[in-house]
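K.L.:
Have a look; sequence and predicted model below, questions after that.
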Amino acid sequence: VMRRVELIDGLRGYFLVSMLLTHLTFTGGYLLIYANHAQLGFVQDAQGFVFLSGLLVGAIYTKRMERDGFAAAAGKMWRRAFEIYLTMLACLVAVMVLALVLPGAETVWKPQLDRLLEPGMGAKIAALLLLYQPSFFDILPQYIIYLAVAPPLLWLCLTGRGGAVVIGAAVVWLAVQLGLDSPAVAALDGMLAAWQPGLTTRTVFNPLGWQVIFFAAMPIGVAWARRRLDLDAWFAPDRRGPVLLALGVVLFFMAWRLGFTFGLVPDPVTGIFRIFENRPEFSVVFLANFVALGYLVAWVLIVGDRAGSRIVSAAAAALSWFFGLAFFRLLGRHSLQVYAWHVILVYLVIYTDLTFGPFGELAKTAIAVAAIALLPLPALLKERWRSAMERRTAVRPVTET
């Protein structure tokens, strides 16, 4: 039986592949992008990735904080945040170097790098401070911030105040939805404009909005690590009410998504809906759809054969097999390195398309498949290096006397 941690690795690996397909950009679009589950609702890969990361932070660092104390665990978390920061900088430097080396890359990548390509240092300093983010770096700056502030919040979870952490995260999320963070953003924009005229903050996601799923997941990870997570209380096979409610919410948002795809929603209704569909702020549409779909998938995986339904049993077996594929688990075990590598791959595909394209659908599909095939390269290199180090440690030379 596959262990749950392997299933989480598989989920993270699947999200990485799906993110790659979403980020790949071709002139005129390409059909393979419709294989993404986001085409059927408002749940995207980044949401699942952030949630699982919060879950794992709670699960991994609970034992360390209990065993070694707050300072040791906090130091470990801050070192991990610094590792992510260095990885992000290395990725950024690699892209900037490629922009200088590849003929015409500065022009091709102008929409993604924007003011980072200008002579001034303002945007570059802002990038070092996580205030000016190029396209596709997305969740790396978020993780740095979340890990930096996580230690005291984890300590609250360990001292029986996990509910307060969730409530606090929800209050901050609500404040963002009401625009209460706008004065702080305006102040930051003013500071950046003083460094470089016209410079403003540039982020894909508002970390104050997206933090709600990270810090809501952390107490769950703590309960899991302490073996106090009562799955039957939340995912009992005979309690169909929450499952049917989750299914109804998922189908509701699926109908909206398909309505927009096929142009069935009237313009006045679309205008109202878009108010609640703010992806950078992680508005209520995304939160509600994520909670519903996440609960539904978790219920199917956990209940499985106990549901007394062939459909549920078959769905559980299919999901377990799919997310348990070795390819996905390999990517998930080395998600940081793979994510950084995926950014470089995306930039290279954009360069290829705009320099040598446009391509036909068959060529676009071939390029996308080639990018997926190259995705595990850093994971394979890291595991090979680790195996070599383990063999070197196991076989020590005998000293002659």
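P.N.:
On my side now, so go ahead. All of these numbers come straight from a predicted model, not from anything done at the bench.
K.L.:
residues contacting the residue nearest to residue 45 when sequence neighbours are not counted?
P.N.:
Counting by CB to CB, 6 or more residues apart in numbering, residue 45 lies nearest to residue 15, which is 4.1 Å off, once chain neighbours are set aside. Just so you know, the C-beta spots here come from the backbone N, C-alpha and C atoms, and that holds for glycine as well. Taking CB atoms under 8 Å, 6 or more residues apart in numbering, we find residue 15 in contact with 45-46, 48-49, 52.
K.L.:
So which of those residues wins on neighbours?
P.N.:
residue 49 (26 neighbours; other CB atoms under 10 Å).
K.L.:
State the helix or strand in which it lies.
P.N.:
helix 45-68 (DSSP states H and E).
K.L.:
Where does the prediction get shaky in the chain?
P.N.:
Applying pLDDT under 70 to the chain flags residues 1-4, 395-401.
K.L.:
just to revisit the earlier point, could I get the buried residue list for the helix holding residue 49?
P.N.:
Neighbour counts over helix 45-68 (16 or more other CB atoms under 10 Å) mark 45-62, 64-65 as buried.
K.L.:
what's the burial count for residue 210?
P.N.:
26.
K.L.:
element containing the residue nearest to residue 45?
P.N.:
Assigned by DSSP H and E, residue 15 falls within helix 4-23.
K.L.:
biggest helix in this structure by residues?
P.N.:
helix 70-101 (DSSP state H).
K.L.:
Would you mind listing the buried residues in it?
P.N.:
In helix 70-101, counting by 16+ other CB under 10 Å, buried: 73-74, 76-77, 80-81, 84-85, 87-88, 91-92, 95-96, 98-99.
K.L.:
Kindly report the same for stretch 139-158.
P.N.:
Buried-residue list, stretch 139-158, by 16+ other CB under 10 Å: 139-148, 150-151, 153-154, 156-158.
K.L.:
ok, now stretch 287-306?
P.N.:
Buried, per 16+ other CB under 10 Å, within stretch 287-306: 287-297, 299-304.
K.L.:
And for stretch 357-376?
P.N.:
Using 16+ other CB under 10 Å as the test for burial, stretch 357-376 gives 357, 359, 364, 367-368, 371-372, 375-376.
K.L.:
Kindly report the same for stretch 109-123.
P.N.:
For stretch 109-123, the neighbour count (16+ other CB under 10 Å) marks 109, 112-113, 115-117, 122-123 as buried.
K.L.:
Just those: which are in helices?
P.N.:
Within the buried residues of stretch 109-123, residues falling in helices by DSSP H are 112-113, 122-123.
K.L.:
returning to what we had before: so the helix holding residue 49 versus helix 4-23, what angle?
P.N.:
150 degrees (axes from the mean of the first three to the mean of the last three CA atoms, to 10 degrees).
K.L.:
Show me what helix 45-68 is packed against.
P.N.:
helix 4-23, helix 70-101, helix 139-158, helix 207-225, helix 284-303 (3 or more CB pairs under 8 Å, 6 or more residues apart in numbering; DSSP states H and E).
K.L.:
just so I know, which of those helices lies nearest residue 236?
P.N.:
helix 284-303 (8.0 Å; CB to CB).
K.L.:
what helices or strands is the closest one leaning on?
P.N.:
helix 45-68, helix 207-225, helix 231-235, helix 240-261, helix 310-323.
K.L.:
what's next to that helix, contact-wise?
P.N.:
For helix 284-303, the external contacting residues (CB under 8 Å, 6+ apart) are 7, 41-44, 47-48, 51, 173, 177, 212-213, 231, 235-237, 242-243, 245-247, 249-250, 253, 273, 276-277, 279, 312, 315-316, 319-320.
K.L.:
Could you do stretch 161-173 as well?
P.N.:
153, 156-157, 208-209, 211-212, 214-216, 218-219, 222-223, 282, 287.
K.L.:
let's see it at 7 Å
P.N.:
Contacting residues not belonging to stretch 161-173 are listed as 153, 156-157, 208-209, 211-212, 215-216, 218-219, 222 [CB atoms under 7 Å, 6 or more residues apart in numbering].
K.L.:
Then stretch 255-271?
P.N.:
Here stretch 255-271 makes contact (CB under 7 Å, 6+ apart) with 40-42, 273.
K.L.:
any idea how far residue 337 is from the closest residue in space to residue 111 that isn't next to it in sequence?
P.N.:
In space, and not counting its chain neighbours, residue 111 is closest to residue 135: 7.2 Å by CB to CB, 6+ apart. Distance, residue 135 to residue 337, using CB to CB, to the nearest Å: 20 Å.
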